[in-house]
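J.: I'll drop the sequence and a predicted model, then ask my questions.
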Amino acid sequence: MTKHHHPGLRSVHRALADPMRIRLLECLWGRPQSAKELAEWAGLPPDRLYYHLAQLEQAGLIEIAQYRRLPGGKVERVYRPTPIEPPGDEATPLEYAEFLGAMLEATRADITAASMAKEAGERREITLLRATVRLSEADLVTLRERLLELVRQVQEQPDDQGIWTRVVVTLVDLQDRGQPSNRGDPA
């Protein structure tokens, strides 16, 4: 087993500790792209992204999909995500919380960027729903399955003319599942 195919959990967490790297990885999930293409998307010069791309590549999260010939004889790398997902089951609860925190930080960056673009006159929509609901185990399973199925459907049948939209869904138990619910409502 090589580190490239089985990155260490700490290496993955370190690579995903920066919201920009999370956003780059998510952008690559859409399609393979070069540093120049990613830089245009991020609104940064390409040389500002090479460090981030190297960190993602070292952690085994992305790889070079191809070398694309450019006019003048130069060659550029085209990156894609590796088929291996970051490990999850062996993560400690604290490591998992840190990983989720980094994902939420990337989402905050998306919201900030959309808000600034909206203020500058662009048409951007931001929808946020935060609610506390009390569900039976069966209803919770149904809710989770329906949400995941909706996301899967739009991922499998993307609209090439559609609008790139970040979808973040979080289902968090607010009480111990092993205990009877005699404690009243969560704070």
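T.: Nice, thanks for sending it over.
J.: Listing request: residues of the chain with sub-threshold pLDDT.
T.: 1-13, 83-88, 179-187 (pLDDT under 70).
J.: Determine the longest helix present in it.
T.: Ranked by residue count and defined by DSSP state H, the top helix of the chain is helix 93-119.
J.: Quick check: what element follows that helix along the chain?
T.: Using DSSP states H and E, the helix or strand that follows helix 93-119 towards the C-terminus is helix 137-156.
J.: one step back: so which other helices or strands are in contact with the longest helix of the chain?
T.: helix 9-15, helix 19-30 (3 or more Cβ pairs under 8 Å, 6 or more residues apart in numbering; DSSP states H and E). The way it works is simple: take the backbone N, C-alpha and C, and place the C-beta from them, glycine included.
J.: where does Pro81 fall, phi/psi-wise?
T.: When read as degrees, to the nearest 10, the backbone of Pro81 gives phi -70, psi 150.
J.: so who does it touch?
T.: By Cβ atoms under 8 Å, 6 or more residues apart in numbering, Pro81 lies in contact with Leu25, Leu28, Trp29, Leu61, Ile62, Glu63.
J.: Tell me which two of the residues you listed sit farthest apart.
T.: Spatially, the most separated pair among the contacts of Pro81 is Trp29 and Glu63, at 13.3 Å (Cβ to Cβ).
J.: Which one's more surrounded, those two?
T.: Glu63 (17 against 10; other Cβ atoms under 10 Å).
J.: In a strand, that one, correct?
T.: Yes. Glu63: assigned to a strand according to DSSP: H, G, I helix; E, B strand; the rest coil.
J.: Make sure it is actually in contact with Arg77.
T.: No. With contact defined as Cβ atoms under 8 Å, Glu63 does not count as touching Arg77 (9.7 Å).
J.: circling back: how about TSV for the contacts of Pro81, with distance to Thr82 added?
T.: Listed next are those as TSV, based on distance: Cβ to Cβ, whole Å:
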residue	distance to Thr82
Leu25	10
Leu28	10
Trp29	11
Leu61	6
Ile62	6
Glu63	5
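J.: Name the nearest of those relative to Leu129.
T.: Nearest to Leu129 among the contacts of Pro81, counting by Cβ to Cβ, is Trp29 at 23.6 Å.
J.: ok, for that closest one, nearest residue in space, not its chain neighbours?
T.: Nearest residue to Trp29, sequence neighbours excluded (Cβ to Cβ, 6 or more residues apart in numbering): Pro81, at 5.7 Å.
J.: Tell me the bridge partners for that neighbour.
T.: Ile62 (DSSP bridges).
J.: For Glu37, see how far away it is.
T.: Look at Pro81 and Glu37: by Cβ to Cβ, to the nearest Å, they are 15 Å apart.
J.: what's the answer for Asp176, then?
T.: Distance of Asp176 to Glu37, computed by Cβ to Cβ: 47 Å.
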